[in-house]
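[1] model this:
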Amino acid sequence: MMRTMRALAAALALTGATTAVADTFTPPSSTAVFTGNVLLNASPPLVCTVSVTIVSNAAGSDAWVATGGIGGGGLCGLFSFSGLPWNINVETPLPPPTGQPATQLRFTGVRVVGGVVCGPGDLIATWTPGSPPTITFPPGTMLLPGPCPFQGVLTQTSGAPLAITN
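    As a prediction, the model looks like this:
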């Protein structure tokens, strides 16, 4: 049995076989801005305006949050993002590539700096394609370590409409 497994592993290594992951961001080489209100503090409640710029590579196979800002007046001015860029991965549908619209995204390495430091950590969001597309961080979404709430909806406000598939 071990001999068979070693032979299979060697054959896969020789053929260059890899796990198929085909996140696709359309249009490629694009920039899209998403903006919305996000709950950043539970007690007292603090809802701030968040804006992120998503950039996709020339092949349309990868995308990341290149820049981000937090505004809205009051205590919101004390908060900022750090550790950019943050990579974006399709969570569902799962590989192998299906060509179906993404339904969940993972933002990796997110960090919020303010009265406290939250992250770096990953955030899972719901992707809703459309015109315009939206990114929803549902109630209960927390940025760890912290923990810090990160709940709200970001809507695409500029750039060609972004489509994401797996």
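
[2] can you list the weak-confidence ranges in this structure?
    1-21, 95-96 (pLDDT under 70).

[3] now the residue most central in space within it: how far from residue 45?
    Nearest to the geometric centre of the chain sits residue 107, at 2.9 Å (C-alpha atoms, centre = their mean). Distance of residue 107 to residue 45, computed by C-beta to C-beta, to the nearest Å: 23 Å. Glycine gets a C-beta too; all of them are placed from N, C-alpha and C.

[4] now residue 118
    16 Å.

[5] and those two? Which one has more around it.
    Applying other C-beta atoms under 10 Å to residue 118 and residue 45 shows that residue 118 carries more neighbours, namely 23 against 9.

[6] show me how far the host helix or strand of the more buried one is from its chain's centre.
    Per DSSP states H and E: residue 118 is located in strand 117-128. With C-alpha atoms, centre = their mean, to the nearest Å as the basis, strand 117-128 stands 7 Å off its chain's centre.

[7] so what are the sheet partners of the helix or strand following it and their directions?
    Counting by DSSP H and E, the element after strand 117-128 in chain order, helix or strand, is strand 134-137. The strands beside strand 134-137 in its sheet (DSSP bridges) come out as strand 117-128 (antiparallel), strand 151-158 (antiparallel).

[8] next helix or strand past strand 134-137?
    Sequence-wise, the next helix or strand downstream of strand 134-137 (DSSP H and E) is strand 142-143.

[9] elements contacting that following strand?
    strand 117-128, strand 148-149 (3 or more C-beta pairs under 8 Å, 6 or more residues apart in numbering; DSSP states H and E).

[10] adjacent strands (with direction) for it?
    strand 148-149 (antiparallel).

[11] what does the partner strand rub up against?
    39, 40, 41, 42, 112, 116, 118, 119, 141, 142, 143 (C-beta atoms under 8 Å, 6 or more residues apart in numbering).

[12] if the closest residue to the fourth one other than its chain neighbours is in a bridge, with which residues?
    Taking C-beta to C-beta, 6 or more residues apart in numbering as the measure, residue 42 lies nearest to residue 149, with 5.2 Å between them; neighbours along the chain are not counted. As for beta bridges, residue 149 partners with residue 142 under DSSP bridges.
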